[in-house]
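[1] compute the structure for the input listed below.
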Amino acid sequence: MKIILAGGSGFLGKALQQFYCDRAQEIVVLSRSVNTLLQRKAPCNAVRYVYWPNKINGDRSWMQEFEDADLIINLAGKNVNCRYNADNRKEILQSRIESTEAIAEAIRSSGHEPKLWINLSSATIYRHAEDKPQDELTGEIGDGFSVDVVKAWEETFFQSKVNCRKTALRTGIVLGKADGVMTRLVRLAKFGLGGHQGSGNQKVNWIHEADFLNIVEWIRTHENLSGVFNVVAPEAVSNRNLMKEIRTALRVPFGIPTPEWLLEIGARLISTETELVLKSRWVKPELLLRSGFNFKFPSISPAIQNLTH
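    Presented below is the predicted three-dimensional model:
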């Protein structure tokens, strides 16, 4: 099996590289970071790194990698952990649209269609929900910049003129030991700042990194699965309870809460948006559950215990 990881040098890309080291003969990581290409040490002999411009224009030599690819996973896109000014909004949207269009063009140019193309998406597409969970069948789409980005991203993906099986993963916050949000939350808790943010009632959609990786493999090996999937744990947790579980696991007796007004000041200081913390994302993985997928970490307490020990 040959796998292509587009934008695969970040947290999730590294996890997927390691996961497929003993499952794939060849893993090609497409990255536009020259420093990454020069400094990266591959986790196994199956992995190699190739430069790509993240869009159709420019160097096209990377496209030859698609001639015999079996699985394509697109993780590319500017990190949304930034202020939503005009320049960042443009790059957040374009980086997702252009990378998806570039992959579609590479597949068409190769004359070879892979067995499966997986595109990352986001569970933030649903409305702010504190009343009931949102699933793929009856969930209500929200509004605003972040939602518009996900809608355009998925539309570009599914309307691309490529006939292979395609799935979009509406992913929540992936919690992992080595990197990602979890490491930052642990750091806050250790410094006594691990209280709830805002009201603390907002739902946090999360998933353990092991379940994320197993879901990718589940979809790959179940050829009847296509379309949109919510990639979140079955049991959403409130922000208040999430921070409590982290403090408990770390044996930290208290955590100073952060009111909304202070979050706004802090967000400006570190160039991010409060929406990332305050929006209530209550999402249910209905289609994964119907397909028979069994979560290793369906609830937050054992997940946190695993990630902190």
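[2] so residue 169: helix, strand or coil?
    strand (DSSP: H, G, I helix; E, B strand; the rest coil).
[3] bridged to it, which residues?
    Residue 169 has these beta-bridge partners by DSSP bridges: residue 120, residue 229.
[4] who's in contact with it?
    Residue 169 makes contact with 118-121, 215-216, 229, 231, according to CB atoms under 8 Å, 6 or more residues apart in numbering. (Glycine included, C-beta is placed from N, CA and C.)
[5] need the pLDDT of it.
    On pLDDT, residue 169 comes in at 98.
[6] can you select the buried ones among the contacts of residue 169 for me in PyMOL?
    A single PyMOL command selects the buried members of the contacts of residue 169 (16 or more other CB atoms under 10 Å):
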select buried, resi 118+119+120+121+215+216+229+231
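[7] closest one to residue 199 out of the contacts of residue 169, please.
    Nearest to residue 199, judged by CB to CB, of these is residue 231 at 26.0 Å.
[8] circling back: adding distance to residue 150 and pLDDT, write the contacts of residue 169 out as TSV.
    Below are those laid out as TSV (distance: CB to CB, whole Å; pLDDT from 0 to 100):
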residue	distance to residue 150	pLDDT
118	15	98
119	11	98
120	10	97
121	6	97
215	18	98
216	19	98
229	14	98
231	13	98
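[9] ok, of the contacts of residue 169, which one's closest to residue 197?
    Distance to residue 197, by CB to CB, is smallest for residue 231 among those, at 23.2 Å.
[10] show me what contacts that closest one?
    The contact partners of residue 231, by CB under 8 Å, 6+ apart, come to 123, 169-172, 207, 212, 215, 285, 288.
[11] pull out the buried members of those residues.
    Here, 16+ other CB under 10 Å leaves 123, 169-172, 207, 212, 215, 285, 288 buried among these.
[12] and the contacts of residue 169, which is closest to residue 157?
    Sorting the contacts of residue 169 by distance to residue 157 puts residue 119 at the head of the list, at 4.5 Å, by CB to CB.
[13] wait, that closest one sits on residue 100?
    Yes. In this structure, residue 119 is within contact of residue 100 by CB atoms under 8 Å, at 6.3 Å.
[14] overlap in contacts of those two?
    Counting by CB under 8 Å, 6+ apart, the shared contacts of residue 119 and residue 100 are 74, 153, 157.
[15] how about the nearest residue to the second one, chain neighbours excluded?
    Translated: residue 153. In space, and not counting its chain neighbours, residue 153 is closest to residue 96: 4.5 Å by CB to CB, 6 or more residues apart in numbering.
[16] and the last one, by the same measure?
    Distances taken as CB to CB, 6+ apart place residue 119 nearest to residue 157, at 4.5 Å, with adjacent residues excluded.
[17] average pLDDT for the helix or strand hosting residue 242, rounded please.
    Per DSSP states H and E: residue 242 is located in helix 239-250. Averaged across helix 239-250, pLDDT comes to 94.
[18] in that helix, which residues are buried?
    Across helix 239-250, burial judged by 16+ other CB under 10 Å covers 239-247, 249-250.
[19] cool, stretch 284-300 as well?
    Buried residues in stretch 284-300, defined by neighbour count with 16+ other CB under 10 Å: 284-288, 293, 295, 297-298, 300.
[20] hang on, the earlier thing: out of the buried ones among the contacts of residue 231, which sit inside helices?
    Mapping the buried ones among the contacts of residue 231 onto helices (DSSP state H) picks out 212, 215, 288.
[21] now, among the residues you listed, which is nearest to residue 111?
    Nearest to residue 111 among those: residue 215, at 30.1 Å, using CB to CB.
[22] verify the stated contact: the closest one with residue 229.
    Yes. At 7.5 Å, residue 215 counts as touching residue 229 under the criterion of CB under 8 Å.
[23] what ranges in the stretch 201-309 of the chain fall below the confidence cut-off?
    Within the stretch 201-309 of the chain, the stretches with pLDDT under 70 are 267, 270.
[24] hmm, back to that, which residues touch the helix holding residue 242?
    Contacts of helix 239-250 with the rest of the structure, by CB under 8 Å, 6+ apart, involve 185-186, 189-190, 194-198, 200-204, 206, 237, 252-255, 277, 300-301, 304-305, 308-309.
[25] whichever of the residues you listed end up buried, select them in ChimeraX.
    Listed next is the ChimeraX selection for buried residues among these, using 16+ other CB under 10 Å:
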select :185,186,189,194,195,196,197,198,200,202,203,204,206,237,252,255,277,300,304,308
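[26] now intersect the contacts of helix 239-250 with the helices, please.
    Of the positions in the contacts of helix 239-250, 185-186, 189-190, 277, 300-301, 304-305, 308 sit in helices, assigned by DSSP H.
[27] who's residue 237 bridged to?
    residue 204.
[28] pretty sure residue 151 sits against residue 126.
    No. Counting by CB under 8 Å, residue 151 stays clear of residue 126, with 11.3 Å between them.
[29] between these two, which one's more packed in?
    Set residue 151 next to residue 126 and count neighbours by other CB atoms under 10 Å: residue 126 wins out with 26 against 15.
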